[in-house]
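> Have a look at this fold, sequence not included:
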């Protein structure tokens with residue numbers, strides 16, 4: 001609660017080792033608040049949070065040792081040099097062979113070209129990399145990343161995306177971003193929160209297929225075919241064509257329709273050039289679930 005305002009309401013989910021889960025929501029939905037509660041940065045008014053089986057309220061220090069946290073604000077000591085700051089963070093966590101580990105994370109997040117500078121001299125993108133390096137330096141089991149690609153240029157985003165993807169193979173990663181393409185590229189599962197409530201928690205592919213109940217198939221024939229023939233197939237709702245031989249079909253079951261199209265091609269002696277299911281992009285799913293629009 002913030003005064004009389006309830007920030008999150010009975011939010012409940014589990015993230016397993018080896019999962020990269022996208023945590024999405026509009027501004028003010030409760031994302032950062034939830035992340036801060038998981039990390040022990042702020043205390044929840046009720047409920048139970050566990051990190052690697054450790055109750056956060058009962059043993060905050062032990063739970064924090066398991067977590068690497070990159071907050072949205074990314075607070076840094078601007079007068080410290082990059083290695084100096086990472087040594088400071090390493091000392092707090094009691095990292096053994098800190099010098100070796102610092103060099104590993106500098107290389108991992110692509111800080112090497114700027115690693116001899118003071119943090120205050122760095123661009124926003126490189127400051128973001130310092131924050132990510134600090135979250136990784138103690139080799140945590142759980143990563144909480146709040147807008148980790150903020151301020152990065154397109155090439156840097158691709159690099160950090162790959163770092164997160166590799167880390168997700170052996171760690172638990174909760175990843176927040178307003179860039180839907182990033183979530184689509186990195187995450188298999190997505191949790192969407194709106195007005196303090198979870199409105200979706202599913203595999204990305206399932207959300208794209210079912211959030212509006214609509215499914216689509218795109219088919220391209222070698223020769224022309226009448227759209228009316230396609231409209232007669234079971235489960236077809238609408239048919240539109242981008243050229244005389246390519247059709248986008250809205251249907252109730254994409255997989256069943258693809259089978260019907262194959263049968264049709266055989267019976268009509270038609271060659272299919274391409275046949276694929278189309279899903280909504282995450283931006284459309286997000287809009288539908290957080291604004292009530294279709």
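That came through, no problem. Computed from a prediction, not measured in an experiment: that's the story for all the values here.
> Neighbours of residue 229, how many?
Other residues lying near residue 229 total 12 when counted by other C-beta atoms under 10 Å. Where you see a C-beta, it was placed from the backbone N, CA and C, and this is true even at glycine.
> In the helix or strand that contains it, which residues are buried?
Counting by DSSP states H and E, the element that carries residue 229 is helix 227-231. Across helix 227-231, burial judged by 16 or more other C-beta atoms under 10 Å covers residue 230.
> can you check stretch 177-190 too?
With burial defined by 16+ other C-beta under 10 Å, the residues of stretch 177-190 counted as buried are 177, 180, 182, 183, 186, 187, 189, 190.
> Now find how far off-centre that stretch is within its chain.
3 Å (C-alpha atoms, centre = their mean, to the nearest Å).
> and the end-to-end length of it?
11 Å (C-alpha to C-alpha, to the nearest Å).
> neighbouring contacts of it?
Residues from elsewhere that reach stretch 177-190 (C-beta atoms under 8 Å, 6 or more residues apart in numbering): 19-22, 24, 147-149, 157, 161, 164-165, 168, 175, 200-204, 207, 281-283, 286.
> redo that, cut-off 6 Å
Surrounding stretch 177-190, the residues in contact under the criterion C-beta atoms under 6 Å, 6 or more residues apart in numbering are 20-22, 147, 149, 161, 164-165, 203-204, 207, 282-283.
> JSON lines for those residues, including distance to residue 121 and pLDDT?
Below are those laid out as JSON lines (distance: C-beta to C-beta, whole Å; pLDDT from 0 to 100):
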{"residue": "20", "distance to residue 121": "32", "pLDDT": "94"}
{"residue": "21", "distance to residue 121": "35", "pLDDT": "95"}
{"residue": "22", "distance to residue 121": "33", "pLDDT": "94"}
{"residue": "147", "distance to residue 121": "22", "pLDDT": "88"}
{"residue": "149", "distance to residue 121": "21", "pLDDT": "86"}
{"residue": "161", "distance to residue 121": "26", "pLDDT": "88"}
{"residue": "164", "distance to residue 121": "26", "pLDDT": "90"}
{"residue": "165", "distance to residue 121": "30", "pLDDT": "90"}
{"residue": "203", "distance to residue 121": "43", "pLDDT": "89"}
{"residue": "204", "distance to residue 121": "39", "pLDDT": "84"}
{"residue": "207", "distance to residue 121": "42", "pLDDT": "80"}
{"residue": "282", "distance to residue 121": "36", "pLDDT": "81"}
{"residue": "283", "distance to residue 121": "36", "pLDDT": "79"}
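> Reformat these as JSON lines; add secondary structure, distance to residue 244 and neighbour count.
What follows is the contacts of stretch 177-190, written out as JSON lines (DSSP: H, G, I helix; E, B strand; the rest coil; distance: C-beta to C-beta, whole Å; neighbours: other C-beta atoms under 10 Å):
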{"residue": "20", "secondary structure": "strand", "distance to residue 244": "42", "neighbour count": "22"}
{"residue": "21", "secondary structure": "strand", "distance to residue 244": "44", "neighbour count": "24"}
{"residue": "22", "secondary structure": "strand", "distance to residue 244": "39", "neighbour count": "22"}
{"residue": "147", "secondary structure": "coil", "distance to residue 244": "46", "neighbour count": "20"}
{"residue": "149", "secondary structure": "coil", "distance to residue 244": "42", "neighbour count": "24"}
{"residue": "161", "secondary structure": "helix", "distance to residue 244": "39", "neighbour count": "17"}
{"residue": "164", "secondary structure": "helix", "distance to residue 244": "44", "neighbour count": "21"}
{"residue": "165", "secondary structure": "helix", "distance to residue 244": "41", "neighbour count": "14"}
{"residue": "203", "secondary structure": "strand", "distance to residue 244": "36", "neighbour count": "12"}
{"residue": "204", "secondary structure": "helix", "distance to residue 244": "34", "neighbour count": "19"}
{"residue": "207", "secondary structure": "helix", "distance to residue 244": "34", "neighbour count": "22"}
{"residue": "282", "secondary structure": "helix", "distance to residue 244": "32", "neighbour count": "23"}
{"residue": "283", "secondary structure": "helix", "distance to residue 244": "30", "neighbour count": "13"}
